[in-house]
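> This is a predicted model, with the sequence first.
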Amino acid sequence: MLPQVVFVSVDAKRDTPAQLASYVPYFDPQFLGVTAVDQPTIEALARKLGVAVFLSAPQADGTYAVDHSNEIFVIDPRGELIAVLTGPFTADALQSDFRRIVAAGG
């Protein structure tokens with residue numbers, strides 16, 4: 001079974017579907033990018049998953065900073081959260097974690 005990686009944006013204003021469509025494939029062409037129609041929807045999902053999200057106040061030029069935690073959430077085909085992976089991330093560690101999850105029936 002191959003995993004499906006979904007990159008979830010935490011910045012609804014800047015990370016439009018078009019932006020994600022051009023950005024996410026730099027990681028891997030098979031990855032999916034998703035966002036929400038507004039920031040409150042993103043923040044509600046983030047709270048539910050325990051993801052810290054912070055958008056700074058806009059500067060005079062309109063720019064702002066975005067900060068967020070960097071966990072990887074492993075969700076099974078039924079939509080259930082089965083693992084939360086924390087960094088530092090390496091290809092070998094992720095491969096090992098994925099094999100353990102699959103072997104455990106996740």
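Yes, it's here. Because the structure is a prediction, the values reported are computed rather than measured. Residues are numbered from 1 along each chain as shown.

> going forward, measure contacts between C-alpha atoms and count neighbours the same way
Fine.

> Any regions of the protein where pLDDT drops low?
1, 106 (pLDDT under 70).

> again, only using 90
For the chain, applying pLDDT under 90 flags the ranges 1-5, 7, 13, 45-53, 55, 62, 67-91, 93-106.

> Give the buried residues for the lengthiest helix in the chain.
Across the chain, the helix with the greatest residue count (assigned by DSSP state H) is helix 91-103. For helix 91-103, a neighbour-count test (16 or more other C-alpha atoms under 10 Å) marks 94, 98 as buried.

> And stretch 6-26, by the same measure?
8-12, 15-17, 20-21, 24.

> Repeat that for stretch 75-91.
A83.

> Which parts of this structure are helices?
Going by DSSP H, the chain shows helices at 17-23, 39-49, 91-103.

> Return the distance of the shortest one from the chain's centre.
Right, helix 17-23. Taking C-alpha atoms, centre = their mean, to the nearest Å, the mean C-alpha location of helix 17-23 is offset from the chain mean by 14 Å.
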